[in-house]
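# Sequence plus the predicted model coming up.
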Amino acid sequence: GRTTRTDSALAGDARLTLAKEQPQSFDYLLLDAFSSDAVPTHLLTAEAIALDASRNPHVVGSFDSEVPTEPGTSDAFVGKLNATGSAFLYSRRLRGTSTDYATDVALDASGNAYVVGTTYSRDFPMPGGAQQSFGGGNTDAFVAKLGVNGGTQWASYYGGPLDQYTTGIAVDAAGQPVVS
C-alpha cells in the first residue's frame, strides 16, 4: 500500500533520498536541482514560495546572469507553476543592469503577486510606481505587483539616501502590500 508522508522536508540528494523512501504520495515535491557538487549552488536561489487559491506555487529568487557583457550580476526572477508542477504558467526576470535579488512573494485574494527584493540597479524598471528614481546609497529595496498572468502592474523603488533591503512582504485584508 501507499502511505502519505507528513514531513515538511527530506534532506540530501533527492535521487538518493527518494530511492530509499517507501512508495507514497506528495501534495508538492520541490527539488533543488542545484544542490549537488556537480552544479555550483550560487547559480540559483529560490527565496520564497506562496500558493494561490488554486494551489499554484509562485516562487521568487535570483540567478547569476552568466552573460559575458554583464559579469558578476544576478537577476531577480518570479515564476508561477501549475498545481501539479508540470509546467510554468509564467516565468520572468525582474532586472536592471546591475545586481537584483527577489526575497519574498505574497498573493492577494485575486491571485496577483507582490514581490520584494533588493536592487543595485539605478535603471530597474519601475512602471507606475510611487518612487521612480533610485534613492541613493548602494542599494534600494523594490516592490512590484504582477498580475495573474505575470504582467507588471506597477513597480517602485523603496529607498532613501542610505542602503535599503527588504526581507518580507504580506498583503493585508484590504489587499495592500505590507513590506518589512
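Yep, it's here. Keep in mind the model is a prediction, meaning the values are calculated, not measured.
# helix or strand for the closest residue to T139 other than its chain neighbours, which one?
The spatially closest residue to T139, leaving aside those adjacent along the chain, is D163, at 4.7 Å (Cβ to Cβ, 6 or more residues apart in numbering). In this view, the C-beta of every residue, glycine as well, is placed from N, C-alpha and C. Per DSSP states H and E, D163 falls between elements, in no helix or strand.
# what's near enough to touch D163?
Contact criterion Cβ atoms under 8 Å, 6 or more residues apart in numbering gives G137, N138, T139 as the residues in contact with D163.
# Quick one: the helices in the protein, in order.
Counting by DSSP state H, the chain has these helices, from start to end: 14-20.
# Quick check: phi and psi on A174?
When quoted as degrees, to the nearest 10, the phi and psi of A174 stand at phi -90, psi 0.
# That one: how many residues sit nearby?
Applying other Cβ atoms under 10 Å, we find 6 other residues in the vicinity of A174.
# I'd like to know how far it sits from M126.
Distance from A174 to M126, counting by Cβ to Cβ, to the nearest Å: 23 Å.
# Also Y165?
Taking Cβ to Cβ as the measure, Y165 falls 17 Å from M126.
# which of these two has more neighbours?
Each of Y165 and M126 has its neighbours counted (other Cβ under 10 Å); M126 has more, 21 against 14.
# which residues touch the residue nearest to Q153 when sequence neighbours are not counted?
Nearest residue to Q153, sequence neighbours excluded (Cβ to Cβ, 6+ apart): K145, at 4.5 Å. With contact taken as Cβ under 8 Å, 6+ apart, K145 is in contact with N112, A113, Y114, V115, T152, Q153, W154, A155, P177.
# Check the residues you listed against S98 and report the nearest one.
A155 (15.7 Å; Cβ to Cβ).
# ok, now which ones touch that closest one?
Contacts of A155 by Cβ under 8 Å, 6+ apart are L94, F124, P125, M126, P127, G128, G129, F142, V143, A144, K145.
# before we move on, back to that, out of the contacts of K145, which is nearest to T103?
For the contacts of K145, with T103 as the reference and Cβ to Cβ as the criterion, the closest is V115, at 8.6 Å.
# my read: the closest one touches L94, true?
Yes - distance between V115 and L94: 6.7 Å, which falls inside the contact criterion (Cβ atoms under 8 Å).
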